[in-house]
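S.K.: Predicted coordinates and the sequence they were generated for:
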Amino acid sequence: MPQRKLIERLEAKGLSRRDFMRTATMAGAALGLAPTFAAEAAQAKRKPSVIWLHFQECTGCTETLLRPAHPDVAEVILETISLDYHETLFAAAGHQIEAALKTAMKENAGKYICVVEGAIPAKDNGIYCKIAGKTALQLLDEVAGNAAAVIALGSCASFGGVAAAEPNPTGAAGVPQLFSKKPVVSLPGCPANPYNLLGVVLQFVTYGTLPRLDGLGRPIFAYGRTIHEDCPRRPHFDAGRFAEAFGDEGHRQGFCLYKIGCKGPVTHANCSLKYFCEVDGAWPIGIGHPCAGCTEKEFAFRRPMFETVPIERPTPPDTYPPIVTEHGHPSPIAIGFGGAVVGAAIGAGVMTAKKLSAEAKKDGSGPSKEA
């Protein structure tokens, strides 16, 4: 029986065409693609195989993928791809799940998408993380090495995350630091935003291409701007209104959190535009906590959480003078010089007025005595 189109399968499960098209269009717009992107994705019959690896992680990225409900992003993704290996979501275990991995790799060699969740311990030949007798290093080399595309999902997979924080006893690192056979799309975040994964997957399924990446392998559509640029508290920053401590008057009024350690000025992510779990304001700054910089390798879990950071890329009105400034007092010399200038100007004006008056009387153009 021919495979039904994606939109037909989703409608059969109760997801309306409108909901799907809205989500796909949103993902396409984030990627800078034409509105027809959604329609093309909906008509796609090809379901690429996905092999999802778990290493040093908390499963938070998988959990956040399952949370959105309007529409169910997990449903869209799972109906768009063929998830052939995922330790958390599989009902099977042991030999059965390992057999599924081998079958998926054999039948889809060079065509499947490899998603990695979690850091990879490299110290002592990777003995600190083993699955079915193989180290994470070995699995990464085997599975990612034969994939069509490799996606590092979350901060741990992107650059080591929590596991790589000092003193990093297992030598944990991210996929891009340990795997160089082909480009890696990094989607850092703790957890990663599921809509960013959706955008990458839909583009690959529809066009067979990956989005444009920055120098750290992150998609420009999601990590091209800092949180600071689109933060809803930005007007308070521009006006010089800051929370000085947790619970103070500024904090209660929703002022900018920069002075209590917000990493928004150096954090490239779209958290301020696409919230988590379908809840308005469901992200750290939205609930009154400074951004921890989890999408940045140099800041996430490597700097004190409440340490103030420099603004990486100032944009107006960051470069403007503050609204309220401290004014000094003019020196006596400046006062004297200013008085001399003003006096000279007044004297010159009086002399000019007298001269003009005298000339007017001389030529008879001045006012008559009768007037």
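M.R.: Looks like it came in fine. Numbers count the residues shown, from 1 in each chain.
S.K.: pLDDT below threshold where in the stretch 1-150 of the chain?
M.R.: Scanning the stretch 1-150 of the chain for pLDDT under 70 picks out 1-46, 68-74, 76-77.
S.K.: Swap in 50 and give it another go.
M.R.: Low-confidence segments of the stretch 1-150 of the chain, defined by pLDDT under 50: 1-3, 31.
S.K.: hey, where'd the helices end up in it?
M.R.: Using DSSP state H, counting those that start in this stretch, the helices of the stretch 1-150 of the chain run over residues 6-12, 17-31, 36-43, 60-66, 73-80, 95-107, 136-139, 145.
S.K.: quick one: low-confidence parts of the stretch 201-350 of the chain?
M.R.: 320-321, 323, 325.
S.K.: same thing but at 80, please
M.R.: For the stretch 201-350 of the chain, the stretches with pLDDT under 80 are 275-282, 300, 311-350.
S.K.: Just the mean pLDDT for stretch 172-183, thanks.
M.R.: Mean pLDDT, computed over stretch 172-183, is 94.
S.K.: what about that stretch, how long is it end to end?
M.R.: 20 Å (C-alpha to C-alpha, to the nearest Å).
S.K.: any residues touching that stretch, and which ones?
M.R.: Under the contact criterion C-beta atoms under 8 Å, 6 or more residues apart in numbering, stretch 172-183 has outside partners 56, 116, 119-122, 137, 140-141, 144-145, 147, 150, 152, 156-161, 163-164, 184, 186, 210, 213, 216-217, 297. Glycine gets a C-beta too; all of them are placed from N, C-alpha and C.
S.K.: Tell me the buried residues in it?
M.R.: 172, 173, 174, 175, 176, 177, 178, 179 (16 or more other C-beta atoms under 10 Å).
S.K.: Can you flag which of the residues you listed belong to helices?
M.R.: 175, 176, 177, 178 (DSSP state H).
S.K.: Closest one of the residues you listed to residue 106?
M.R.: The closest of these to residue 106 turns out to be residue 175 (C-beta to C-beta; 22.6 Å).
S.K.: ok, and the closest non-adjacent residue to the closest one?
M.R.: Excluding its sequence neighbours, the residue lying closest to residue 175 (C-beta to C-beta, 6 or more residues apart in numbering) is residue 152, at 4.1 Å.
S.K.: residue contacts, the residue lying closest to residue 92 once chain neighbours are set aside?
M.R.: Leaving aside its sequence neighbours, residue 92 sits nearest to residue 100 (C-beta to C-beta, 6+ apart; 6.8 Å). By C-beta under 8 Å, 6+ apart, residue 100 lies in contact with 84, 85, 90, 92.
S.K.: can you rerun that using 10 Å?
M.R.: Contact analysis of residue 100 by C-beta atoms under 10 Å, 6 or more residues apart in numbering lists 51, 84, 85, 86, 90, 92.
S.K.: Could you do residue 227 as well?
M.R.: With C-beta under 10 Å, 6+ apart, residue 227 has these contacts: 234, 262-273, 283-285, 291, 293, 295.
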